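Q: any chance you can model this:
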Amino acid sequence: MRSLDRTDREIIRLLQENARRSNKELAAAIGLAPSTCSERVRRLEDAGVFRGFHADVDPAVLGISLRAMVAVRLSRHTAHDVDQFTDRARAMPEVARMWHVSGANDFLIEVVVRDADHLRQLAVSGFTTMPEVAHIETALVFTESGTPTLPDLTRADAR
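A: The predicted structure follows:
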């Protein structure tokens, strides 16, 4: 991919703030003709800059009242075991996001559940029954802060 110019960076910033912004609104905010703006967004999409556009849904609407982080330690670290665990965990509807990490644990997994009983069932009947899993720890998520936008660390003035 070619390097990003100032206009590309502004398009990315504005779409991270609101991905539903119309092309007309986006073009006006940047000072481009709508056709030029549309072409630039298409090029960024084709280059894989945007991995998707998502709706931020209220979890309660979907019956979710509890979120937790599950730290998983595998018994062995063979490529086969890592792949098997990854496939099994991704197939669980409660798994929202998953990270393969370094350190004492091998995976950090964000799960969403109805309630504490559902979390217990997921831990006991889900994760601990997987042959690759040696140990799990769960931590309840009380609040979430931060922003889903990513900072532009490629700029010369980024620290």
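
Q: for the chain, what spans make up the strands?
A: For the chain, strands defined by DSSP state E occupy the ranges 66-74, 95-100, 107-113, 133-141.

Q: can you give me the offset of the third one from its chain's centre?
A: Distance of strand 107-113 from the chain centroid (C-alpha atoms, centre = their mean, to the nearest Å) equals 11 Å.

Q: re earlier: out of the strands of the chain, which comes closest to K24?
A: Of all these, it is strand 95-100 that lies closest to K24, at 33.3 Å by C-beta to C-beta. All C-beta atoms are positioned from the backbone trio N, CA, C, and that covers glycine.

Q: ok, that closest one: who's next to it in the sheet?
A: strand 107-113 (antiparallel) (DSSP bridges).

Q: now do the same for the strand it pairs with: mean pLDDT, whole number.
A: For strand 107-113, mean pLDDT is 97.

Q: deepest in the core, which of the strands of the chain is it.
A: strand 107-113 (a mean of 20; mean count of other C-beta atoms under 10 Å).

Q: so what sits opposite the spatially most central residue of the chain in the bridge?
A: Residue closest to the average C-alpha location in the chain (C-alpha atoms, centre = their mean): R97, at 5.9 Å. Beta-bridge pairing for R97 (DSSP bridges): E110.

Q: I figured it hits E110, correct?
A: Yes. With contact defined as C-beta atoms under 8 Å, R97 reaches E110; the gap is 4.4 Å.

Q: can I get the strands of the chain in CSV with distance to H54?
A: As requested, those are exported to CSV (distance: least, C-beta to C-beta, whole Å):
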stretch, distance to H54
strand 66-74, 17
strand 95-100, 12
strand 107-113, 15
strand 133-141, 19
